[in-house]
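**Student:** Quick one, structure for this:
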Amino acid sequence: MFAFFAENLAPIMFVSMIVVLLLGYPVAFALAFVGFVFGFIGIEMGLLPINLFGAIPDRIFGQMSNETLLAIPFFTFMGLILERSGMAEDLLDTIGQLFGPVRGGLAFAVIFVGAILAATTGVVAASVISMGLISLPIMLRYGYDRRIASGAIAASGTLAQIIPPSLVLIVLADQLGRSVGDMYKGALIPGLLLVAAYAGYIIAMSFLQPQGVPALPIEARSLRGWHLARRVVISLVPPLVLIFLVLGTIFIGLATPTEGGAMGAVGALALAALNRRLNMGMIRSALYATVKLSSFVLFILLGARVFSLTFYGINGHVWVEHLMTSVPGGEVGFLIIANFLVFFLAFFLDYFELAFIIIPLLAPVADSLGIDLIWFGVMLAINMQTSFLHPPFGFSLFFLRSVAPTSAYRDRITGATIQPVTSGQIYMGAIPFLGIQLVMVAIVIAFPGLVTHYKVGQVEFDPADVQLNVPLPDAGGANPFGTAAPPFGAPDASSGVPAPSFGGPAPSFGAPAPSFGTNPEPAQ
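**Tutor:** Prediction:
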């Protein structure tokens, strides 16, 4: 029994971690608990050194001094200020008026505003709750199918996970040991394709179910002509300028992601001030929410460090690598298993938990198989995005449920009685968009160039190709620097001055050393 437990301690620890998480304990404390318990078991069994946990303070200090993670509070604060300043409301109203005459216009507005909010806020909760409060009553007022309306709002909010500056991409880059800027560049095209796929679904529904996505009636289109154009410019230009300020400077190399986040936070404060909506109450609530989210991320990361310290100590990473590389199909088989594992665990874990628990286990295997880690990270980010739409535990569904009407009410504009939105309608509306996300994962696997374009212009070299040739005495006269190496002790051709011979001929390797000047006295 002892031998079996010692040989299988790694898989037992991994299964125990899953069980503790499924019991509902907080993730940070569950990870640390499992790490400490199995660490002490390994020490008692003689499998781990007795001073194992002496490395924990150094690991904690290393995470606290990680400059990459500084981008998380900056981008969070920027998004919360923009959300509280009413930018989402202005964008939805303006783009809704712009697409009003088109069937599905309000759904298009929700998707495009979701993409803009994703590129400025990066916070799923802020996007879903804002659009749920603003656009869902309007969509219900004009006869939208509740499933289509709910699915469009919930799915467009999840774009904040894949469109830079996503908080998940920052965490993934840190866990994969890659540049956040490269991760942003690689995720940009798949993110935009996902927006196009969402819009394509609405176009298809406008033909298949036109009564479920009606155009706005004429009386609801209050802006036309020059007034509409002016409103579009006023509402769209400031957030687009902020997007360029943040992402543009990162992409062209003028700023690091942390510096870009700091500029974005300042830009968000400036936009709120220009709109005369900036006040101390808004700043205070945004700072409180930022500290709360940042602490949440950091505590999960510290718990994951304790877990990984023990797991790596018992060679759990070796067990995972052998397990994943032994699946049939090689690289393709590994990608299928990895995506299936992430998709399954996304039913129970959110994106931060997946990033801190699963990615450190899969990344070494992907690297050993020669898989580009930026491409691998973007692919898993799209897959992890499904965790927001998984019925019944998707966070995006919970956010929408919290603001969707639960009972019938009288509309203040039309005076009609609006029926509530049920949880079943929200779940059914999310399923088509969940399928679109899975198709996008397959597209990224089939066409890796959608991500690996980030390498364009980069100078690459293989360290294995680097050769160091040093000329040695009596090495046949070879000299990699272009001239023949003179014999040891021969005159220097450039100066004519003979090189010193130290009183004797040059030694040959393996021969006795020559005497220098006089013979030593014989030993007594």
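
**Student:** so how far is residue 101 from the nearest residue to residue 199 once chain neighbours are set aside?
**Tutor:** In this structure, residue 199 finds its nearest non-sequential neighbour in residue 111, 5.6 Å apart by C-beta to C-beta, 6 or more residues apart in numbering. (Glycine included, C-beta is placed from N, CA and C.) From residue 111 across to residue 101, the span is 17 Å (C-beta to C-beta, to the nearest Å).

**Student:** who touches stretch 188-196?
**Tutor:** 111-112, 114-115, 118, 159, 162-164, 378, 382, 436-437, 440, 443-444, 450-451, 453 (C-beta atoms under 8 Å, 6 or more residues apart in numbering).

**Student:** List the buried residues for that stretch?
**Tutor:** Within stretch 188-196, the residues scored as buried using 16 or more other C-beta atoms under 10 Å are 188-195.

**Student:** How about stretch 68-75?
**Tutor:** In stretch 68-75, counting by 16+ other C-beta under 10 Å, buried: 69-75.

**Student:** quick one: which of those residues is nearest residue 218?
**Tutor:** Checking the buried residues of stretch 68-75 against residue 218 with C-beta to C-beta, the nearest one is residue 75 at 40.8 Å.

**Student:** Where does the closest one sit: helix, strand or coil?
**Tutor:** helix (DSSP: H, G, I helix; E, B strand; the rest coil).

**Student:** Tell me who's in contact with it.
**Tutor:** Residue 75 makes contacts with 122, 165, 167, 170, 261, 264-265, as judged by C-beta under 8 Å, 6+ apart.

**Student:** okay, these in a markdown table with distance to residue 426 and pLDDT next?
**Tutor:** Formatted as a markdown table, those follow (distance: C-beta to C-beta, whole Å; pLDDT from 0 to 100):
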| residue | distance to residue 426 | pLDDT |
| --- | --- | --- |
| 122 | 23 | 63 |
| 165 | 28 | 79 |
| 167 | 24 | 79 |
| 170 | 29 | 86 |
| 261 | 32 | 83 |
| 264 | 31 | 85 |
| 265 | 33 | 87 |
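
**Student:** Distance to residue 20 added to these, as JSON lines?
**Tutor:** Output for the contacts of residue 75, formatted as JSON lines (distance: C-beta to C-beta, whole Å):
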{"residue": "122", "distance to residue 20": "30"}
{"residue": "165", "distance to residue 20": "33"}
{"residue": "167", "distance to residue 20": "25"}
{"residue": "170", "distance to residue 20": "27"}
{"residue": "261", "distance to residue 20": "34"}
{"residue": "264", "distance to residue 20": "37"}
{"residue": "265", "distance to residue 20": "37"}
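
**Student:** secondary structure element for residue 365?
**Tutor:** Residue 365 is part of helix 359-368, with elements assigned from DSSP states H and E.

**Student:** helices or strands up against that helix?
**Tutor:** Other helices and strands packing on helix 359-368, by 3 or more C-beta pairs under 8 Å, 6 or more residues apart in numbering; DSSP states H and E, are helix 167-176, helix 316-325, helix 330-345, helix 373-385.

**Student:** now with 7 Å?
**Tutor:** If you count contacts as 3 or more C-beta pairs under 7 Å, 6 or more residues apart in numbering; DSSP states H and E, helix 359-368 packs onto helix 167-176, helix 316-325, helix 373-385.

**Student:** now the angle between helix 167-176 and that helix, please.
**Tutor:** Counting by axes from the mean of the first three to the mean of the last three C-alpha atoms, to 10 degrees, helix 359-368 points 60 degrees away from the direction of helix 167-176.

**Student:** Quick one: distance of helix 359-368 to the chain centre.
**Tutor:** Its chain's C-alpha centre and that of helix 359-368 lie 15 Å apart, by C-alpha atoms, centre = their mean, to the nearest Å.

**Student:** quick one: contacts of it?
**Tutor:** The contact list for helix 359-368 (C-beta atoms under 7 Å, 6 or more residues apart in numbering) reads 172, 175-176, 308, 317, 320-321, 324-325, 334, 338, 373, 376, 380.

**Student:** Check those and tell me the two furthest apart.
**Tutor:** Across those, no pair lies farther apart than 172 and 325, at 21.7 Å, counting by C-beta to C-beta.

**Student:** neighbour-wise, which of those two wins?
**Tutor:** residue 172 (27 against 14; other C-beta atoms under 10 Å).

**Student:** Identify the residues contacting the more buried one.
**Tutor:** Residue 172 is in contact with 183, 355, 359, 377, 381, counting by C-beta under 7 Å, 6+ apart.

**Student:** And for residue 344?
**Tutor:** Contacts of residue 344 (C-beta under 7 Å, 6+ apart): none.

**Student:** quick one, strands of this structure?
**Tutor:** 409-410, 417-418 (DSSP state E).

**Student:** right, so of these, which gets closest to residue 232?
**Tutor:** Among the strands of the chain, the nearest to residue 232 by C-beta to C-beta is strand 417-418 (28.9 Å).

**Student:** just to revisit the earlier point, tabulate the buried residues of stretch 188-196 (JSON lines), appending pLDDT and distance to residue 304.
**Tutor:** Compiled in JSON lines, these are given as follows (pLDDT from 0 to 100; distance: C-beta to C-beta, whole Å):
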{"residue": "188", "pLDDT": "90", "distance to residue 304": "28"}
{"residue": "189", "pLDDT": "92", "distance to residue 304": "30"}
{"residue": "190", "pLDDT": "92", "distance to residue 304": "26"}
{"residue": "191", "pLDDT": "91", "distance to residue 304": "26"}
{"residue": "192", "pLDDT": "92", "distance to residue 304": "31"}
{"residue": "193", "pLDDT": "94", "distance to residue 304": "31"}
{"residue": "194", "pLDDT": "93", "distance to residue 304": "28"}
{"residue": "195", "pLDDT": "93", "distance to residue 304": "32"}
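
**Student:** middle-most residue in the chain, spatially?
**Tutor:** The centre of the chain sits closest to residue 169, judged by C-alpha atoms, centre = their mean, with a distance of 1.8 Å.

**Student:** in the stretch 1-150 of the chain, what spans have low per-residue confidence?
**Tutor:** 1-2, 121-123, 126 (pLDDT under 70).

**Student:** again with the stretch 351-500 of the chain
**Tutor:** Across the stretch 351-500 of the chain, the ranges flagged by pLDDT under 70 are 392-393, 413, 457-500.

**Student:** Try it again at 50.
**Tutor:** Residue ranges of the stretch 351-500 of the chain with pLDDT under 50: 488, 493-495, 497, 499.

**Student:** Just give me the neighbour total for residue 224.
**Tutor:** Other residues close to residue 224 by other C-beta under 10 Å number 12.

**Student:** Give me the buried stretch members for stretch 420-431, please.
**Tutor:** 421, 423, 425-430.

**Student:** Using CSV, list the CA coordinates for it.
**Tutor:** Output of stretch 420-431 as CSV, limited to C-alpha atoms (Å, rounded to 0.1, in the frame of the first residue of the first chain):
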residue,chain,number,x,y,z
PRO,A,420,-40.3,38.3,-17.6
VAL,A,421,-37.2,36.6,-19.0
THR,A,422,-36.8,33.1,-17.5
SER,A,423,-33.5,31.4,-16.7
GLY,A,424,-34.3,28.7,-19.3
GLN,A,425,-34.6,31.3,-22.0
ILE,A,426,-31.2,32.8,-21.0
TYR,A,427,-29.6,29.3,-21.1
MET,A,428,-31.1,28.4,-24.4
GLY,A,429,-30.0,31.7,-25.9
ALA,A,430,-26.4,31.1,-24.8
ILE,A,431,-26.1,27.7,-26.5
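
**Student:** can you offset everything so residue one is 39?
**Tutor:** In the new count, where the first residue is 39, that last one comes out as stretch 458-469.

**Student:** quick one: that stretch to chain centroid distance?
**Tutor:** For stretch 458-469, the distance to the chain centre is 28 Å (C-alpha atoms, centre = their mean).

**Student:** Residue 86 is nearest to which of the helices and strands packed on helix 397-406?
**Tutor:** helix 354-363 (11.7 Å).
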